[in-house]
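Asker: what follows is a predicted protein model with its sequence.
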Amino acid sequence: MTWHPAFEAAAEAAVHRLGPAHLRVLADRLGGDWPEQAVRHAVPVPGFAETAAAVLAAQRLSGLPDVEAAAYLRGLSAGHTQRSTAVRIESVWSGPSTHPVPVRATAQVLTGLVRSARHELLLMSYSARPYPPLVRALREATGRGVAVTVVVETLAGAAGALRGAEPASAFADVPGIDLWHWPTELRAEKPARMHAKIAVADRRALLVSSANLTQSGASRNIEAGLLVHGGSAPQRAAEHIAELQTRGVLARLGTAG
C-alpha cells in the first residue's frame with residue numbers, strides 16, 4: 001500500500017519524539033476507536049498531545065482509515081523497538097590523541113551529533129563560548145527545522161566561578177534556539193551549579209562529557225565522555241529535562257537570534 005508522505009513524516013517524527021513505547025500506545029488508542037481527545041492525551045508526558053495531534057492531522061490529510069494508520073504506527077514502533085535494543089557505546093576524548101589507541105574526538109562527535117538531528121536537539125553546558133564549528137552546525141540544524149533547546153549556567157548562578165559574557169551569549173548568532181537556565185532562587189542548597197554537559201539528538205543518541213561547549217572543551221583540554229547510541233538512556237535524559245521544564249525547575253532565558 002502506498003502511504004501518504006505527510007503521514008509517514010509525521011509518524012517518523014512521532015517515534016523520535018515520543019519513543020516506540022509511547023507510539024504503540026498512540027497506535028492502540030487510534031486503532032481502538034477512541035475519541036480524538038483521548039487519543040491525543042493517551043500518555044501524560046510533555047509533548048505527547050502536540051505530537052499526537054500532528055499525526056492525526058496528517059492521517060486526515062492522507063485519508064487513511066484508523067485501522068490502517070494504527071497498523072503502520074505499530075509496525076514503526078516495533079521496528080524502532082528492535083533497533084533501540086542494540087546499544088552502542090563509544091569513548092570520546094578532547095586533547096592529545098594517541099595512534100595506538102584510537103578514540104573519537106569530542107569536536108567531531110559533538111558537531112556530528114548536531115548535524116544528525118532531524119527533529120529535536122538538546123544541549124546542556126556549564127560554560128559556553130562561541131565555537132565556530134558548533135555555531136555553524138546549530139545554524140544548519142535550526143535552518144532545517146530542528147527544535148533546539150540549550151540549557152546553560154548563568155554568571156549569577158556560577159557565583160563568581162565564571163567570568164566574561166553570559167554563557168547564553170555564545171548562541172546569539174543562532175536564530176530560533178530556546179535558551180533555559182536554573183534560576184538561583186530555586187536552588188535549595190547553595191552554592192549549587194548547573195554543571196551538566198550533555199547533548200541529545202532525537203532522543204536516540206546521547207553524549208555525556210566533561211567538556212563544556214567551548215573551544216577549550218571541544219579540542220584543547222583533556223576531556224572525557226561517552227557517546228551512547230540506542231537504548232533508553234537518550235530518551236530518559238530528554239524526558240528528565242522536559243520534566244524539569246514542566247515543573248518550573250528550569251526557566252526560559254529567551255530565544256536566541
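Answerer: Yes, it's here.
Asker: which ones are touching residue 141?
Answerer: 114-115, 117, 121, 148 (Cβ atoms under 8 Å, 6 or more residues apart in numbering). All C-beta atoms are positioned from the backbone trio N, CA, C, and that covers glycine.
Asker: just these: which are in helices?
Answerer: Members of the contacts of residue 141 lying in helices (criterion: DSSP state H): 114-115.
Asker: list just the nearest of the contacts of residue 141 to residue 216.
Answerer: Proximity of the contacts of residue 141 to residue 216 was ranked by Cβ to Cβ; the top entry is residue 114 with 18.5 Å.
Asker: so of the contacts of residue 141, which two are at opposite extremes in space?
Answerer: Pairwise distances across the contacts of residue 141 (Cβ to Cβ) peak at 12.3 Å, for the pair 115 and 148.
Asker: so which of these two has more stuff around it?
Answerer: Using other Cβ atoms under 10 Å as the criterion, residue 115 and residue 148 rank with residue 148 on top: 21 against 17.
Asker: that one contacts residue 175, correct?
Answerer: No - here residue 148 does not reach residue 175: they are 10.1 Å apart, not a contact under Cβ atoms under 8 Å.
Asker: how far is stretch 50-64 from where the chain is centred?
Answerer: Its chain's C-alpha centre and that of stretch 50-64 lie 23 Å apart, by Cα atoms, centre = their mean, to the nearest Å.
Asker: what sits up against that stretch?
Answerer: With Cβ under 8 Å, 6+ apart, stretch 50-64 has contacts from 3-4, 6-7, 9-11, 13-14, 17-18, 26, 30, 36, 39-42, 66, 69, 72-73.
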